[in-house]
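Asks: Build me a structure from this.
(one chain, ligands or ions: 1)
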Amino acid sequence: MPRPQPATSSRARSDRLPWSVVANVVRGLVWALLVCMTWSPAQAETAKLRVATRIVPPMVVEKNGTLTGFSIELWNSIGRQLNRETEYVVLPDVRELLDAVGHGQADLAIAAISITSEREDRFDFSQPIMNSGLQILVRGTAVNVEANPLRELAQLFFSRTLLVWLGIALLLILVPAHLMFLVERTHHSGIIPTRNYFPGIFHAMFWAAGTLATQADQMPRHWMARIVAVLWMFTGVVFVAFYTAQLTASLTVQQIKGPINGPQDLVGKTVGTTRGSTATAYLNEVKAQMVEFEKVDDLYNALLNHEIDAVVFDAPALLYYTTHDGRGSARTVGEVFHKEDYGIVFPTGSPLRKQVNEALLGLRESDRYQRIYEEWFGKR
Ligand code: GLU
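Replies: Next up is the predicted model:
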């Protein structure tokens, strides 16, 4: 028979139960409070926004270690409207900006980022922040550079190719000249009139140079020297053939390199732009010889240092360059082609986009946008 439970023990249990429930409830409340304090959406909204950007004047300019420029000032105004602080992350090129947004290392990116269908497929863009497009930048200030055949001929004479070939010829003639000198000087009626190294070697070098360029005008007497002479004459034929081919190629390249007055003149030219930019796709299409640069400044310097024939890049950036640092040393040619718009990039589905668009349109409706624009590009 089961023993009846003593009445006291059941009372004791019913006394303990409410205390443990209260303790659990209190613990739960404290936990919920802690979670709310650290993770509440209100708190998340006040976290700094990580904004990826890159130096591309005048959209993004670095002055004494601080960022400024059209895009930066526009973003600062948007950030103020959103009541959010910004932490800028400066990256080297546009591809890395897009990657940072794609990999969640940045909440958004703003610089001179063109809106393209391919990028729209991978990201979300804001409303356009500015119109842009591609344009060509060349050296000099003259409106029309006339072809000057005399100058081109002089350039050819002092070109690297010609100097290299001259150097090779000089080194090459030392070999038969020495062989000729050693063998022929011992022969009583040989073509080297003296046994002394100087001036004997000069006679031998003169013979070797003459034989290389034209024909041997004197035949050596010693049988060994004759073998050297025949071999050297064959070498001369091959050398002249190669040299002529090089010269013809250089002349042809120079002829192709007429002045650049528009996109149609870019074919076959060495054209620089920035790495991963929309201009790279364009230059690949038009079959230009493309050189990509990370820094925009390096791109302009390469043009001024004659490393490239032209620059194809964003028209607003080129316009700024020709009126600032590049004034008097470079100019744009032709119209703006390949029209594009700049936008702010977000990861697909970012809730920020709507807020940013609202702020942006608000700035456009007030005169704030216009003021920032005029500060960097002048009055339209
Ligand atoms: N508009 C160019 C692009 O989006 C700019 C590239 C750059 O910043 O170098 O591709």
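
Asks: tell me the phi and psi of the closest residue to residue 303 other than its chain neighbours?
Replies: Spatially, and ignoring its direct neighbours in sequence, residue 303 is nearest to residue 311 (5.2 Å; CB to CB, 6 or more residues apart in numbering). For glycine as for every other residue, the C-beta is placed from the backbone atoms N, C-alpha and C. The phi and psi values for residue 311, taken as degrees, to the nearest 10, are phi -120, psi 140.

Asks: And whatever residue of the stretch 101-250 of the chain ends up closest to the ligand, how close does it get to residue 276?
Replies: Residue nearest to the ligand within the stretch 101-250 of the chain: residue 114 (3.6 Å; CB to the nearest ligand atom). Using CB to CB, to the nearest Å, residue 114 is found at 11 Å from residue 276.

Asks: Neighbour count: the two, which is higher?
Replies: residue 114 (21 against 18; other CB atoms under 10 Å).

Asks: re the thing from before, is it true that the residue of the stretch 101-250 of the chain closest to the ligand touches residue 344?
Replies: No. Applying CB atoms under 8 Å, one finds residue 114 not in contact with residue 344, separated by 11.9 Å.

Asks: related to what we said a few turns ago, let me see the contact set for the residue of the stretch 101-250 of the chain closest to the ligand.
Replies: 132, 277-278, 314, 340-343 (CB atoms under 8 Å, 6 or more residues apart in numbering).

Asks: beta partners of the residue positioned nearest the centre of the chain?
Replies: The residue lying closest to the centre of the chain (CA atoms, centre = their mean) is residue 293, at 1.9 Å. For residue 293, the beta-bridge partners are residue 274 (DSSP bridges).

Asks: Could you look up the next helix or strand downstream of the lowest-mean-pLDDT helix or strand in the chain?
Replies: Of all helical and strand segments in the chain, the minimum by mean pLDDT, DSSP states H and E falls on helix 41-45, at a mean of 47. Next helix or strand after helix 41-45 toward the C-terminus (DSSP states H and E): strand 49-53.

Asks: what's the average pLDDT for the longest strand belonging to the chain?
Replies: If you go by DSSP state E, the chain has its longest strand at strand 330-342. Across strand 330-342, pLDDT averages out at 94.

Asks: Show me what it is packed up against.
Replies: For strand 330-342, the elements it packs on are strand 130-139, helix 278-285, helix 296-304, helix 315-323, judged by 3 or more CB pairs under 8 Å, 6 or more residues apart in numbering; DSSP states H and E.

Asks: wait, which of these is closest to residue 204?
Replies: Nearest to residue 204, of all those, is helix 296-304, at 45.8 Å by CB to CB.

Asks: ok, back up a step: so what's the backbone phi/psi at the residue of the stretch 101-250 of the chain closest to the ligand?
Replies: Dihedral pair for residue 114: phi -80, psi 140, per degrees, to the nearest 10.

Asks: one step back: what's the spacing between the longest strand of the chain and its chain's center?
Replies: Distance, stretch centre to chain centre, for strand 330-342: 18 Å (CA atoms, centre = their mean, to the nearest Å).

Asks: Now do residue 249, the pLDDT please.
Replies: In this model, residue 249 carries a pLDDT of 79.

Asks: er, residue 170 I mean
Replies: 90.

Asks: burial measure for it, as a count.
Replies: Close neighbours of residue 170, defined as other CB under 10 Å, add up to 11.

Asks: Any figure for the gap between it and residue 230?
Replies: Distance from residue 170 to residue 230, by CB to CB: 22 Å.
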